[in-house]
Structures are given as structure tokens and as C-alpha cells.
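Chemist: Predicted coordinates and the sequence they were generated for:
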Amino acid sequence: MNIEFARQQMVRQQVRAWDVLDADILAILAAVPREQFVPQGFETLAFAETEIPIGHGQSMMTPTVEGRLLQSLALEKSDDVLEIGTGSGFVSACLARLADSVTSIDLYPDFLERAAGNLADSGISNVELLEMDAMHELPDRQFDAIAVTGSLEFVDPRFAERLKPGGRLFIIVGKAPVMDARILQRTDAGEWRTESLFETELMPLVNAAMPARFRF
């Protein structure tokens, strides 16, 4: 397989065709070596429009969903970002190229260990990895942007409350087979602005059952 040709095809024919038009996002997806973040034996699928299994019943998001996630957050170079669900570390690497710092949490130690190696191999040094179950605890501070890489039936209010004024939250909510990808923005007045982006389907966060509902 011609790796560089496959990478460019992914960016131009898949991601860009799905309304990811931000030049910075396309450049990041063309620069970060996705083939180094997939499990061994899946390298030929690294640029395919498919969810790649990474263990524990979890999968990498498709390239198009990753592109829309990155674009929707409209990151600035000074932003401090929280990622909920580290997985292989690919989205972490892309976020790190776009922002000042990234804190990424996952409940599986082997995911974090593998992601740390992948990030180091890619020269990424501004990502902090924490072992943490997001459904029970979160870092005790606010962020400019939050990316949730698994779905929830409803928006968890704790996630939204971790946003600074003006902060953005990307999240996919609903039940299979049709879910709604949304961007939530916290206004300076502490209110919320919600935009529906696209329909998709994504595996739920582990332990995602919520005791209470919080609707936007």
C-alpha cells in the first residue's frame, strides 16, 4: 500500500467531502501519521472510512467524524483542551497540534500506555494522560474546549460545567442507530448555545448510564 497516497485520499476524498473545509484541520489530518495509531495488523485500514477496533470492545472513530469533531471545536493555539476517551491517542495528537495543551482521560491503563508511546513516537509532548472514569470523576478545573469521543444518551451536565465562558463541547448524543453530533458553547452569561451538526452512530462511553437527565 502506498501510505502517502492513501493518506491524501482519506483527506481529500473522504474528510473534505464531508464538509471539513478548514485548511488547518485538513493539514493536521495529513500530517499526523494515523497508521502509527492503529493496532498492529490494522495498518492497511488506517485510512479507511471504518471504525477500527482497539480493544476492550472500543474502536477508533472514522476519519470523517474525527475531522468534523476537530473542525467544530474551532480551537485556538492558546486553548486548553479536555479529551474524554483517549483510545489510541490519534485524536489527542490532532488536538495537541491545534491547541496549547491537552488533558486526555481514559479508564483503561493499557490504552493510556499505548497512547503515550504513540504520542511520543509522533513528537507530541503537550498531552497529559490521566487514568480516570469520566462517568465518576473529571479533572477539577475548566477548559476552553472538550471533546467527548464516545456517545451518551443525554448530555452529562458535569461535562458542560467544565467549560470556561466561551468554551465549546463536542458530544454525540442519542440512541443507535441514529445519534446527533452537537457542539455546545457556554456564553459569558453562563447560558448555553447548542448546534446540531450531523447524524451519526458512535459507541457509548463505558459506564455511560446516567442517573439524571440534563437536556440542551
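Modeler: That came in fine, so what should we check first?

Chemist: how about the helix or strand of the chain with the lowest mean pLDDT: buried residues?
Modeler: The least trusted helix or strand in the chain, going by mean pLDDT, DSSP states H and E, turns out to be helix 157-161, with a mean of 91. Buried residues in helix 157-161, defined by neighbour count with 16 or more other CB atoms under 10 Å: 159, 160. C-beta: built from backbone N, CA, C; applies to glycine.

Chemist: chain center to that helix: distance?
Modeler: Averaging C-alpha positions (CA atoms, centre = their mean, to the nearest Å) puts helix 157-161 16 Å from its chain's average.

Chemist: other SSEs contacting the longest helix belonging to the chain?
Modeler: If you go by DSSP state H, the chain has its longest helix at helix 109-121. Judged by 3 or more CB pairs under 8 Å, 6 or more residues apart in numbering; DSSP states H and E, helix 109-121 is in contact with strand 53-55, helix 90-98, strand 101-106, strand 127-131.

Chemist: ok, which stretches of this structure are helices?
Modeler: For the chain, the helices defined by DSSP H occupy 3-9, 23-31, 63-73, 90-98, 109-121, 157-161.

Chemist: Who are the contact partners of residue 60?
Modeler: Residue 60 is in contact with 37, 38, 51, 52, 54, 87, 88, 90, counting by CB atoms under 8 Å, 6 or more residues apart in numbering.

Chemist: For it, give its distance to residue 90.
Modeler: Residue 60 sits 6 Å away from residue 90, taking CB to CB, to the nearest Å as the criterion.

Chemist: I am finished for the moment; much appreciated.
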